[in-house]
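Q: sequence? don't have it. structure:
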């Protein structure tokens, strides 16, 4: 999704652009930062710095940190010291991996067989120390980050079923229970709505769901992506399952409940968005005013200026029974079919509702689309590929219908119908690719779809007569991963995505997920070293020395472009943080803008990171920089699977279809 525009480009919207409910007891989260200490500024204030995975390294595996320095360091030695200050490893520094800006970058390779807390030290012609880091099992290292990812989604909850926390003290947008429905807006110059919204006269309940990003908009497009990854994790990975201390099952059902409201299966009507973030209506919009969500139901009293904040519009995709944009139809079918797989045993009525909805919306997919429907305006999420979504939807429907005990009234009861359709759409996707395609993102779910279809074919006995073979799916996954591996070999920090491409950390997390899937399918460890390296890059082993996931590590974004986090929590400890939030990260050119009412952060305006910009990438930890410091659902979603996959790697068996 690199380079997409999440927000309208009017001056009004850019200035206000956020970057991207019964009671429940919140999951207790112990932040990794509590173990490692807290710091807003990156380590080091001179021309020499050590960059490490601040969450830590998996015991007994090859470990890599990086030295950045303006002075030659070849031949200098580095040491690894334990918590008692004893040297437990020492080695000479070898050749560089390349340059970053004016600095040379040197790999510091080591391995430790004992759990503990360690630091790296370089002395001699150059001098630097690293932040502390842990060495432990993956299960121990990533338990807190996985819990933080869950907490992020809990804090993004809208409606009455919010989860109380330091950031959430009240329900929000209760008026969404009776939202007025509007036709898709028409947009003109610079993303402004041409005229006022056009009501249909219908009223619907679109309450609940997750806020999309640092704003309070809700999109089927991004929610359906996050939901698919979450449901697969709940079904497959014990660390996310119903019996886990960090179970995502309740959260996944919360998201699924909202999607079932947005798709009215009785009338075959899709509502794709709640709220508006563009100017032109004569009313304030979600991106023109900075406030807490619980203020919205009474925002502005009765003044017309606040009408679309108080009573947020629900946008309808089309008339009842009309064709549905295939990206949304396919992904929603996948979500609903997964809902059947997971919840049918414990709640048959709910599972049946999900499966009926899945088959109905899949059959309504428009397989000769023009511009795909994502959001209003489309530039918020600019997607052009859809065959991958249809592949994923058909695959999950195959896995659901093969379970038996199906509800009455299904259009298609034979699982083979969906297996053939999945293979057809996978083949169409592969042959339509201009290059290797993305590994996994809100705009391309082929990495997940291929993984699921490969396993589905195996469950079916790898029958002949399908549009492609399992080997074709593996080959396409390998093409994507080899592209990333080639980038890693050229990058000074070994990253598999361009640092300046935008949405930088989520691309790395998605690569880690797809690589873990590939190794699982092939029963190999072909990409395990890359996966550990990419995770390390996200968690601090980068030019800026910052973990790009809030709350994970010792140095992470403190001034994120998120209304609740900014108004209630911005700054250094003891202020709470929006733990688990994955920010947009480094980008080639950072855009900024902020509405009135936001808190300045950093309070003194200091810039800790521009000194490390280079190689076509920059990063800012400042609330105004939505292009580097906004979290979002789609950005965060791959992270929980990334952590869960690593935690499950040592398990003797894994769940699955």
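A: That came through, no problem. All of these numbers come straight from a predicted model, not from anything done at the bench.
Q: going forward, measure contacts and count neighbours with C-alpha atoms only.
A: Fine.
Q: Point out where the stretch 551-657 of the chain drops to low pLDDT.
A: For the stretch 551-657 of the chain, applying pLDDT under 70 flags the ranges 650-657.
Q: try 80 this time
A: 570-574, 650-657 (pLDDT under 80).
Q: What of the stretch 351-500 of the chain?
A: Along the stretch 351-500 of the chain, the parts satisfying pLDDT under 80 run over 433-437.
Q: neighbouring contacts of stretch 510-529?
A: Here stretch 510-529 makes contact (C-alpha atoms under 8 Å, 6 or more residues apart in numbering) with 62, 439-441, 447-448, 451, 455, 474, 477-478, 481, 484, 496, 530-532, 534-535, 638-639, 641-642, 645.
Q: so what secondary structure elements neighbour the lengthiest helix in the chain?
A: Scanning the chain for the helix with the most residues, using DSSP state H, yields helix 470-490. When contacts are defined as 3 or more C-alpha pairs under 8 Å, 6 or more residues apart in numbering; DSSP states H and E, helix 470-490 packs onto helix 446-459, helix 504-522.
Q: 7 Å instead?
A: Using 3 or more C-alpha pairs under 7 Å, 6 or more residues apart in numbering; DSSP states H and E, the elements in contact with helix 470-490 are helix 446-459.
Q: Show residues contacting the helix it packs on.
A: Residues outside helix 446-459 that contact it (C-alpha atoms under 7 Å, 6 or more residues apart in numbering) are 388, 391-392, 395, 399, 439-440, 470, 473, 477, 514, 517.
Q: and which of these is nearest to residue 264?
A: Nearest to residue 264 among the contacts of helix 446-459 is residue 392, at 21.3 Å by C-alpha to C-alpha.
Q: Measure how buried the closest one is and give me the count.
A: 31 (other C-alpha atoms under 10 Å).
Q: Next one: it from residue 343, what distance?
A: Per C-alpha to C-alpha, to the nearest Å, residue 392 is found 19 Å from residue 343.
Q: Give me the buried subset of the contacts of stretch 510-529.
A: By neighbour count, with 16 or more other C-alpha atoms under 10 Å, the contacts of stretch 510-529 hold 439-441, 447-448, 451, 455, 474, 477-478, 481, 484, 496, 530-532, 534-535, 638-639, 641-642, 645 as buried.
Q: I'd like to know which elements the helix or strand hosting residue 360 is packed against.
A: Using DSSP states H and E, residue 360 maps to helix 348-363. Helices and strands touching helix 348-363, as assessed by 3+ C-alpha pairs under 7 Å, 6+ apart, comprise helix 326-343.
Q: quick one, strands of the stretch 1-150 of the chain?
A: With DSSP state E, counting those that start in this stretch as the criterion, the stretch 1-150 of the chain has strands at 48-51, 57-58, 63-69, 77-82, 87-92, 98-100, 103-110, 116-122, 128-129, 133-136.
Q: tell me the most buried of those?
A: strand 48-51 (a mean of 26; mean count of other C-alpha atoms under 10 Å).
Q: Residue 192 reaches residue 281, doesn't it?
A: No: with contact defined as C-alpha atoms under 7 Å, residue 192 does not count as touching residue 281 (8.5 Å).
Q: neighbour count winner among those two?
A: residue 192 (22 against 16).
Q: now that one: how far from residue 200?
A: Distance of residue 192 to residue 200, given as C-alpha to C-alpha: 21 Å.
Q: picking that back up, quick one: which of the contacts of helix 446-459 is nearest residue 188?
A: Nearest to residue 188 among these: residue 388, at 30.5 Å, using C-alpha to C-alpha.
Q: For the stretch 501-650 of the chain, which segments count as helices?
A: 504-522, 528-538, 563-569, 626-629, 633-648 (DSSP state H, counting those that start in this stretch).
Q: Residue 642 reaches residue 508, doesn't it?
A: No: at 9.5 Å, residue 642 does not count as touching residue 508 under the criterion of C-alpha under 7 Å.
Q: between the longest helix of the chain and helix 528-538, how big is the angle?
A: Helix 470-490 runs at 50 degrees relative to helix 528-538, counting by axes from the mean of the first three to the mean of the last three C-alpha atoms, to 10 degrees.
Q: For stretch 519-532, which residues meet the burial criterion?
A: Residues of stretch 519-532 classed as buried by neighbour count (16+ other C-alpha under 10 Å): 520, 527-528, 530-532.
Q: Take those residues and lay them out in TSV including distance to residue 623 and pLDDT.
A: What follows is these, written out as TSV (distance: C-alpha to C-alpha, whole Å; pLDDT from 0 to 100):
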residue	distance to residue 623	pLDDT
520	40	95
527	36	96
528	35	95
530	32	97
531	30	97
532	30	97
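Q: returning to what we had before: report the angle between the axes of the helix holding residue 360 and helix 326-343?
A: Orientation check (the same axes, to 10 degrees): helix 348-363 against helix 326-343 gives 160 degrees.
Q: can you pull the buried residues of helix 348-363?
A: For helix 348-363, by 16+ other C-alpha under 10 Å, it's 351-363.
Q: Could you do stretch 162-178 as well?
A: For stretch 162-178, the neighbour count (16+ other C-alpha under 10 Å) marks 162-164, 167-168, 170-178 as buried.
Q: closest to residue 122 among the residues you listed?
A: Closest to residue 122, out of all of the buried residues of stretch 162-178 and judged by C-alpha to C-alpha, is residue 167, at 40.4 Å.
Q: Then the closest one would be within a helix, right?
A: No: if the criterion is DSSP: H, G, I helix; E, B strand; the rest coil, then residue 167 is coil and not within a helix.
Q: Double-check that residue 465 belongs to a helix.
A: No: read with three-state DSSP, residue 465 is coil and lies in no helix.
Q: do you know how far it is from residue 421?
A: Taking C-alpha to C-alpha as the criterion, residue 465 is separated from residue 421 by 12 Å.
Q: Those two: which is more packed in?
A: Using other C-alpha under 10 Å, the more surrounded residue of residue 465 and residue 421 is residue 421, with 19 against 9.
Q: that's a strand at the more buried one, yeah?
A: No: remark: residue 421 does not belong to a strand; assigned using three-state DSSP, it is helix.
Q: Quick one: residues contacting it.
A: Counting by C-alpha under 7 Å, 6+ apart, residue 421 touches residue 394.
Q: count of neighbours near residue 130?
A: 22.
Q: Likewise for residue 514?
A: By other C-alpha under 10 Å, 28 other residues sit near residue 514.
Q: What separation is there between it and residue 531?
A: As judged by C-alpha to C-alpha, residue 514 and residue 531 stand 9 Å apart.
Q: what do you get for residue 266?
A: Per C-alpha to C-alpha, residue 266 is found 44 Å from residue 531.
Q: if we can go back for a sec, quick one: contacts of the helix holding residue 360?
A: 265, 329-330, 332-334, 336-337, 339-340, 343-344, 407, 410-411.
Q: List buried residues within those.
A: Among the contacts of helix 348-363, those buried by neighbour count (16+ other C-alpha under 10 Å) are 265, 329-330, 332-334, 336-337, 339-340, 343-344, 410.
Q: Dump the residues you listed to CSV, plus distance to residue 617.
A: What follows is those, written out as CSV (distance: C-alpha to C-alpha, whole Å):
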residue, distance to residue 617
265, 46
329, 36
330, 35
332, 35
333, 38
334, 36
336, 39
337, 40
339, 40
340, 44
343, 44
344, 47
410, 51
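Q: Counting neighbours, what do you get for residue 186?
A: 15.
Q: let's have the chain start at 47 instead
A: Sounds good: first residue 47 from here, last item residue 232.
Q: I figured it was touching residue 240, is that so?
A: Yes: at 5.8 Å, residue 232 counts as touching residue 240 under the criterion of C-alpha under 7 Å.
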